[in-house]
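Participant: let's see this in three dimensions:
(one chain, ligands or ions: 1)
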Amino acid sequence: RTSSIYAIADNAYRMMCSELTNHFILISGESGAGKTEASKKILQYFAVTCPMTESLQIARDRLLLSNPVLEAFGNAKTLRNDNSSRFGKYMDIQFDYKGIPVGGHIISYLIEKSRVVYQNQGERNFHIFYQLLEGGEEELLAYLGLERDPQLYKYLSQGHCAKESSINDKNDWKTVSSAFSVIDFTEDDLENLFGILASVLHLGNVCFEENHQGCATIPDTHEIKWIAKLLGVHPSILLEALTHRKIEAKTEEVICPLTLELSVYARDAMAKAIYGRTFTWLVNKINSSLVNKDFTKKTVIGLLDIYGFEVFDKNGFEQFCINYCNEKLQQLLIERTLKAEQAEYEMEGIEWEPIQYFNNKIICDLVDERHKGIISILDEECIRPGPATDLSFLEKLEEKVGQHAHFQTRKLAGPKGRKRIGWMEFRLSHYAGEVTYCTKGFLEKNNDLLYRHLKEVLCSSKNRILKECFLVAELENRRRPPTVGTQFKNSLSSLLEILISKEPSYIRCIKPNERKEPSKFDDLLIRHQIKYLGLMEHLRVRRAGFAHRRKYEHFLQRYKSLCPDTWPHWHGPPAEGVERLIQYIGYTPEEYKLGRTKIFIRFPRTLFATEDAFEFSKHQLVARIQATYKACLERRVYVRKRHAAITLEAHWRGALARKLAKRRKWAVWTVRKFIKGFINRNKPLCPDNEEFIVFVRKNYILTLRYHVPKNVLDKSWLRPPGILENASDLLRKMCTRNLVRKYCRGITAERKALMQQKVVTSELFRGKKEGYAEALNQPFANSRIDEGDINPKVLQLISSEKIQYGVPVIKYDRKGFRARERQFLLTQKAAYVVELAKIKQKIAYSALKGVSTSSLSDGILVIHVSPEDSKQKGDAVLQCEHIFEAVTKLVMLVKRGNIVSVVQGSLRFYISPGKEGTIVFDTGPEEQIYKDKNGQLTVVSVRTTSS
Ligand SMILES: Nc1ncnc2c1ncn2[C@@H]1O[C@H](COP(=O)(O)OP(=O)(O)OP(=O)(O)O)[C@@H](O)[C@H]1O
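Facilitator: Below is the predicted model:
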């Protein structure tokens, strides 16, 4: 059974999540059949299976723990059920879009207040009183002025079963106490609440006595004091309010004493009013702790656990209301299932054979029809002026609804039925069976009158809960409040409105036996319940009908992903889309029927298979959505990166371009400066040419590095720019000097001497004698003067007389010495040595007057001696191969430069005192030396190209 409850809860939950619709689960069955237990199981199921976040765990705990508190205050032991709900409860559980329970709201209906002051034999008052006495701490009880024994309190002991083995009040107290802290009850709240509970118990023990005037008095004010203390009212005012009544005349109020009976009524009315309103306060308080402050849209699952159908030996106004309520719920069930379902098939054009069922609307109308129903008649009796009694009410009923098939009284019943109906009773044939109601107390309970005097006392109470329950505004409102019956009727119709707007699920509880025994199934009882609950008709409709139906639009919207033709959008009519879809997924004809606006699926398994397929496709869709989303994210990242890269690149390119532009600008500036400098290069140093000049200088110096002459003879020099001519000259001089110095340092003493000789030669002959340029390159040879090398033959010749006058002239050349008369060979060296030695030997330096040569390229050398010197044999006329060397050395020997003369044409020479010869120099095609007949010596030389 529990698992089917879970299945129903789960189904409602899934439907709610998938379709975002509101649902309710109606739990019905007679008292003690297990409705409250079933509703608890549903709550537990949601608590365990729904997804949960840590922050929302509190909401879940509150939803769960509100139950024991409400049960303690609203449930009581009855003859049929040890934990019978004595109030109706509709609880909305709110879920957010993720299916997490986030809050709730409770609406309570008509608590059975009369139980506070009176219990039938074998029944108890509300659990909370017994729990307080049994479980409350000593200090608490002392503070409340209570004793632990329930027998001491009249309101708890009338049923004579304050202690019940199946109920553990002590444990329940613990549960309730800990629940209080979870659902936001403060210490102050609890103090006030327990104060009210205790004051109700004290109130029950207030005893009245009749004085001699027939008025009620309270001999023992002990209880009054406690009540006054706990409710925060003045004891004497309370005492007066319990024994007197304020009667309002036109202008003034008159206080008149109450009879004993009326005082007892006033006391009980006060206890009922206090308890009833405190219960409403409690529900509101729980609601405020369950409220979810997040105002986003929520879906709800409502749980309706209302008192079940009740049949006692004595049934009063409460049973009338309770059974009426059950009648209304049965009506809803019939409307929403049997009737609506069959009507739907008809409307949708589905072939259908109507199934007969009992419609209890007729009973509902009997009770609540406007102006004609029992409640209206009761109200009329209540407000009617004149003496209205429960009996007059019964008479009115007989008069007005006496003809109704479901109504009966003793008077109306036949002789058979008469026995079973009392004089004060009427009988209704409810859908669940016949119930006989005793009209005693109907008017009083429907009026629910609380004397104004007592109301005033309660309005002035210092107890914070009572302050909220009894508002002064109520005193000012002179309008008669609606009767209990009308209030209940109205609250039921608004409950039905709430339920009609939601998708229904039903749990029908069947009571197995009347004795609360486990594992005992009373066939008769069960069959009776199945019958009156209409389960058979229901089953028949279900079996012949379809397990599931849904509007084409919704069906298509949910399952369109299962067919490629309908996914992602179907543009045609929804019915065609559904047809295409079911063809694609392979529904067989017996599995479904197509109505005008809905598809009807016959078997649950077909729907389950479709759901499974949808679940599977959902995963694929989710994967695709995820992939698209991830791709979108990645693309966004990529675009961001790309954008960043482009920006970076642009900045980098910009920076490069700027750098390049800067360089170009600099280059242009430099070139322009250069050109300007070039244009102004010849101007004095100014800013326009300053840099150019520096550059030119630098550049010239740097280039010059590689072009400086390498030796003294290299006369090349890099041509300087105009502005650097002076500097270049200076540099060139420095360079030459440097080279010369280097050269000079590098030459040997021998070479130096040779050079000096060459310098002397240059001074003597340069530009004066032919052949000088050619002779310049011929080095002078010191060795030529070396005595050791002198050929003996030459010495012999020299010493002979043959050349003493210089005639004949000796000619010698490289190959040999050729004289006109004689010929003999001499080496060049020897020839020179001969000459020099001869000069040395033959001519005394002191006698040397001068030396003459011709300007031509002949080798004739005339050494003039002083004619006065008698030792000398005249001037020596010599022909010499190395004439420049011989003359130079001669000059250097005598250390006189001015002795040399280079003559042109002819010269005269001294032969002997008074005798002179002439030598004529001429040029011709070949060299010749000959003596004319006149003794004149002619020397012909070959003209050389260079002079
Ligand atoms: N499924 C069940 N199995 C065994 N016992 C159960 C089951 N459901 C309920 N009961 C017993 O029946 C008792 C009455 O159940 P419950 O209070 O839920 O009835 P009810 O329909 O709410 O009655 P009422 O209309 O009086 O409130 C419970 O206290 C429990 O002992």
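Participant: nearest to the ligand: which residue in the stretch 351-500 of the chain?
Facilitator: Using Cβ to the nearest ligand atom, the point where the stretch 351-500 of the chain gets nearest to the ligand is residue 432, with a distance of 12.4 Å. Heads up, the C-betas are built off the backbone N, CA and C, glycines and all.
Participant: any idea of the pLDDT on that residue?
Facilitator: Residue 432 is assigned 81 on the pLDDT scale.
Participant: against residue 663, how distant is it?
Facilitator: Relative to residue 663, residue 432 is positioned 106 Å away (Cβ to Cβ, to the nearest Å).
Participant: who has more neighbours, the two?
Facilitator: Taking residue 432 and residue 663 together and counting by other Cβ atoms under 10 Å, residue 432 has the greater number of neighbours (24 against 11).
Participant: can you pull the residues of the chain lying near the ligand?
Facilitator: In this structure, the chain approaches the ligand at residues 1, 29, 31-37, 81-85, 307-308, 509, judged by Cβ under 6 Å from any ligand atom.
Participant: that older thread, hmm, the residue of the stretch 351-500 of the chain closest to the ligand is touching residue 308, no?
Facilitator: No: distance between residue 432 and residue 308: 9.3 Å, which falls outside the contact criterion (Cβ atoms under 8 Å).
Participant: between the two, what contacts are shared?
Facilitator: Among the neighbours of residue 432, those also in contact with residue 308 (Cβ atoms under 8 Å, 6 or more residues apart in numbering) are 30, 326.
Participant: and the helices in the stretch 651-800 of the chain, which stretches?
Facilitator: 690-705, 725-746, 749-765, 772-776, 792-799 (DSSP state H, counting those that start in this stretch).
Participant: any chance of these in a markdown table, plus mean pLDDT, mean neighbour count and distance to residue 200?
Facilitator: Rendered in a markdown table, the data for the helices of the stretch 651-800 of the chain read as follows (pLDDT from 0 to 100; neighbours: other Cβ atoms under 10 Å; distance: least, Cβ to Cβ, whole Å):
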| stretch | mean pLDDT | mean neighbour count | distance to residue 200 |
| --- | --- | --- | --- |
| helix 690-705 | 89 | 14 | 115 |
| helix 725-746 | 90 | 12 | 131 |
| helix 749-765 | 87 | 15 | 153 |
| helix 772-776 | 86 | 16 | 160 |
| helix 792-799 | 40 | 14 | 181 |
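Participant: just send those back as TSV, with distance to residue 614 too.
Facilitator: Putting the helices of the stretch 651-800 of the chain into TSV (distance: least, Cβ to Cβ, whole Å) gives the following:
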stretch	distance to residue 614
helix 690-705	88
helix 725-746	103
helix 749-765	122
helix 772-776	125
helix 792-799	146
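Participant: for the ligand, what's the nearest residue on the stretch 251-400 of the chain?
Facilitator: Among the residues of the stretch 251-400 of the chain, residue 308 lies closest to the ligand, at 3.2 Å counting by Cβ to the nearest ligand atom.
Participant: what about that residue, how many residues nearby?
Facilitator: Each residue near residue 308 was counted by other Cβ under 10 Å, and the total is 27.
Participant: now do the contacts for it.
Facilitator: The neighbourhood of residue 308, defined by Cβ under 8 Å, 6+ apart, consists of 28-33, 35, 322, 326, 509.
Participant: before we move on, the earlier item: so which of the residues of the chain next to the ligand belong to strands?
Facilitator: Using DSSP state E, 84-85 are the members of the residues of the chain next to the ligand that sit in strands.
Participant: please check the residues of the chain next to the ligand and keep the buried ones.
Facilitator: 29, 31-37, 81-85, 307-308, 509 (16 or more other Cβ atoms under 10 Å).
Participant: sketch out the low-pLDDT regions of the stretch 351-500 of the chain for me.
Facilitator: Across the stretch 351-500 of the chain, the stretches falling below the confidence threshold (pLDDT under 70) are 417.
Participant: in it, which spans are strands?
Facilitator: Assigned by DSSP state E, counting those that start in this stretch, the strands in the stretch 351-500 of the chain fall at 407-409, 425-430, 433-438.
Participant: switch those strands over to a markdown table; also include distance to residue 119.
Facilitator: Below are those laid out as a markdown table (distance: least, Cβ to Cβ, whole Å):
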| stretch | distance to residue 119 |
| --- | --- |
| strand 407-409 | 27 |
| strand 425-430 | 21 |
| strand 433-438 | 16 |
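Participant: nearest to residue 626, out of the ones you listed?
Facilitator: strand 425-430 (57.7 Å; Cβ to Cβ).
Participant: now the contacts of residue 308 as CSV including pLDDT and distance to residue 747?
Facilitator: Formatted as CSV, these follow (pLDDT from 0 to 100; distance: Cβ to Cβ, whole Å):
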residue, pLDDT, distance to residue 747
28, 85, 145
29, 85, 146
30, 82, 151
31, 84, 151
32, 88, 150
33, 90, 147
35, 90, 143
322, 89, 152
326, 87, 150
509, 91, 144
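Participant: quick check: the farthest pair among these?
Facilitator: Maximum pairwise distance among the contacts of residue 308 (Cβ to Cβ): 15.3 Å, between 322 and 509.
Participant: residue 853 is nearest to which of the helices of the stretch 651-800 of the chain?
Facilitator: helix 749-765 (8.1 Å).
Participant: identify the residues contacting that closest one?
Facilitator: Residues lying outside helix 749-765 but in contact with it, judged by Cβ under 8 Å, 6+ apart, are 747, 772, 775-776, 779-780, 782, 884-885, 887-889, 891-892, 897, 900, 902.
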